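**Student:** predicted model and sequence below, questions to follow.
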Amino acid sequence: MRRLFGARRKPPIAVAAAVVSAASIAWGVSWHRRRQTRRGRVEFEHAPLDSAVAPGSTGARDVRFWGRSPEPGAHELTLFEAARDEAGERALATLPFEVPKDGGGDGTWTLDYPGDTPGAEPLKPTTAYRFTVRQVAAGRELGSGRFETAPEGVDDTPERVTFAVMSCHLPFDAYGMLSDRACRLLEVLPDALEEHGVKRVMMIGDQMYGDYPPSCSLFNAEYFARVAPPGRASVLDCDRAEIRALYQQRHRIFWKHPAFAELMARFPCHLILDDHEIVDNFGTSVEHSEPAYDNLRQGALDAFYDYQAARSLRREHDRRPDAFYQSFAYGSVAAFLMDLRSERRADAERIDVCSERQWQALADFLGQNRDRHVLLLALSVPLLHVPDWLATTGMLLSDSDGDIADRWTNPKMAATRDRLLHIIHEHQRQNPHQRLVMLGGDVHVGAVSRFAWSDEARDTYQLIASALSNREGFLVRNLVELVPHIGAVVGHDGNADFEGQLLAPGPECQSDDVPCNPYGKLNVGLIEVERQPAGESSVRLKLLGCSDDGPPRAKVMFDSGRL
């Protein structure tokens, strides 16, 4: 036969040359990837966060400061009341403190004002302050920050106040190099939040990844060999202190972009963890509840406390808390951030996401804040997100530890989900004057939904803000935005159904992007609360994104209008 599919056969030498050429190209691509991976790993580990300062939990008359110093020893924090007129700012106090040498905290520290300074002058409600931190021996300023105290009470709340919510900070490409495109929104975010009048920021999970990017994962044997403590072949071989040190280093690597440090310095932040602060879908797999994972769990949580939770939660008897659920109030608004990871345990039949102690803390929070106009309930894994709507209409749910199994739709989580829905339902029935907004992250999709009970209980809303910098591929981003705007019954409480529905944009929405809910690109959520007559407040839920081309520019991509 002289022809194959109508083409002349190539002589053997030509075939051989083609094979060699293809092999050379394949080898070249492989070599380039290996080289990029090696270069990326150097970039990944290069110049991690050295020093940082930030305001943490901030009340009407007190504040907790957090920071990281590269050297132990004597430090000073100077606190200023910000300028209100031509008289300029006023220095309130200079607070000396020590960063311990061998405390295991990787140079992190906290300082409470006025609690750690007997006789100090309390702060004033709804007042702007600035602070600087200096390393005494070196005469080096580690950084400066600012914050505004909360109102004294509900009636003192400003007419309009805004809160921000975000999750999923992965600023690196697949090779471990900082990605300009992944950081576009982050670069402009501090100024954008200032323009929107944000008073508090909630970071609700995956502020750091122990297992991504894959080429630089602590669970990648080749990469782990570069950073492993002596004699350790796997991260699971490490003791608790070694894992704590490895995860502390991950925090400093992931937080080295200057805009991330600036964001935390300019706004009081409350931070809760999700799975990647340990490893993907942590606690959903049965094996994560076995003794082999105990050191990983405890060491990673130690590092999470050092770098994140210490801003809001105090040690008790020189021990960090066992779990990190937390709450705060700002005038007419109060927020509760659930911890869905630290206490998560799985067996063959059931997954429990939290302890009885946390359920009681949630019940106490709801009971103590009945007079607030708006309650925010942060769930790092949202109660309902777009792909789950497919699961509720017949999609096969895997029993593995994959992403679908990690969701509230997993049958193993039915008891926990029903308990949460019952709590929400009862509170909404008993407090019809109050708005309840659930906040979510994790799923790399921004979305705003209304949840309606089939009885007379008031509607609940959900705002998913994700991801801050973890960019999905082009195909995933676009497929997400093509999902039909359908609703789904999330669950039941007695005879009442709880049904979710994506919201259409309000008339105020200025976005040219259609559709913009759900939104598959980088985003941050905004909750705008506005006082109304008769002792109530409205809420307005927004998704803040970023321009795709040219200089980065923050832009409202979805606006629910007043709810």
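**Tutor:** Okay, I see it.
**Student:** burial check on P118, number of neighbours?
**Tutor:** By other C-beta atoms under 10 Å, 6 other residues sit near P118. All C-beta atoms are positioned from the backbone trio N, CA, C, and that covers glycine.
**Student:** actually R181, not the one I wrote
**Tutor:** Other residues close to R181 by other C-beta under 10 Å number 14.
**Student:** how about it: what's its closest non-neighbour residue?
**Tutor:** R471 (6.3 Å; C-beta to C-beta, 6 or more residues apart in numbering).
**Student:** what segments of this structure are helices?
**Tutor:** 12-45, 184-195, 221-227, 240-254, 258-266, 294-307, 356-368, 386-391, 414-430, 474-481 (DSSP state H).
**Student:** which residues sit against the second one?
**Tutor:** Where contact means C-beta atoms under 8 Å, 6 or more residues apart in numbering, the residues beyond helix 184-195 that reach it are 164, 169, 171, 201, 257, 259-260, 262-263, 266-267, 468-469, 522-524, 544-547, 552-554.
**Student:** would you write a PyMOL line that selects the buried entries of those?
**Tutor:** Buried members of the contacts of helix 184-195, defined by 16 or more other C-beta atoms under 10 Å, are picked up in PyMOL with:
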select buried, resi 164+169+171+201+257+259+260+262+263+266+267+468+469+522+523+524+544+545+546+552+554
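**Student:** wait, D206 sits on M166?
**Tutor:** No - using C-beta atoms under 8 Å, D206 is not in contact with M166, being 10.0 Å away.
**Student:** taking the contacts of helix 184-195 one by one, which sit in strands?
**Tutor:** 164, 201, 524, 544-546, 554 (DSSP state E).
**Student:** from those residues, pick the one nearest A120.
**Tutor:** The closest of the ones in strands among the contacts of helix 184-195 to A120 turns out to be V201 (C-beta to C-beta; 26.0 Å).
**Student:** thinking again about what came up before, hmm, the residue nearest to R181 is touching L522, no?
**Tutor:** Yes - contact criterion C-beta under 8 Å: R471 and L522 qualify, at 6.5 Å.
**Student:** and for these two, which residues touch both?
**Tutor:** A182.
**Student:** pull the contacting residues for R314.
**Tutor:** T110.
**Student:** touching stretch 365-378 from outside, list them.
**Tutor:** 154, 163, 165, 202, 204, 272, 327, 329, 332-338, 423-424, 427, 431, 433-440, 527, 529, 531, 535-537, 539.
**Student:** again, only using 6 Å
**Tutor:** 154, 202, 204, 327, 332-337, 427, 431, 435-439, 529, 536-537, 539 (C-beta atoms under 6 Å, 6 or more residues apart in numbering).
**Student:** so, low pLDDT: which residues of the chain?
**Tutor:** Filtered on pLDDT under 70, the chain yields the residue ranges 1-41, 84-87, 385-403, 472-488, 507-515.
**Student:** domain parsing for it?
**Tutor:** 3-45, 48-149, 152-210+257-289+322-562 (automatic domain parsing).
**Student:** for these, which one sits closest to A225?
**Tutor:** The nearest among the domains of the chain, by C-beta to C-beta, is domain 3-45 at 11.2 Å.
**Student:** quick one: the closest residue to R64 other than its chain neighbours and A465, what's the gap?
**Tutor:** Excluding the flanking residues, the one nearest R64 by C-beta to C-beta, 6+ apart is G56, at 4.1 Å. Per C-beta to C-beta, to the nearest Å, G56 is found 21 Å from A465.
**Student:** which of those two has more residues huddled nearby?
**Tutor:** A465 (32 against 25).
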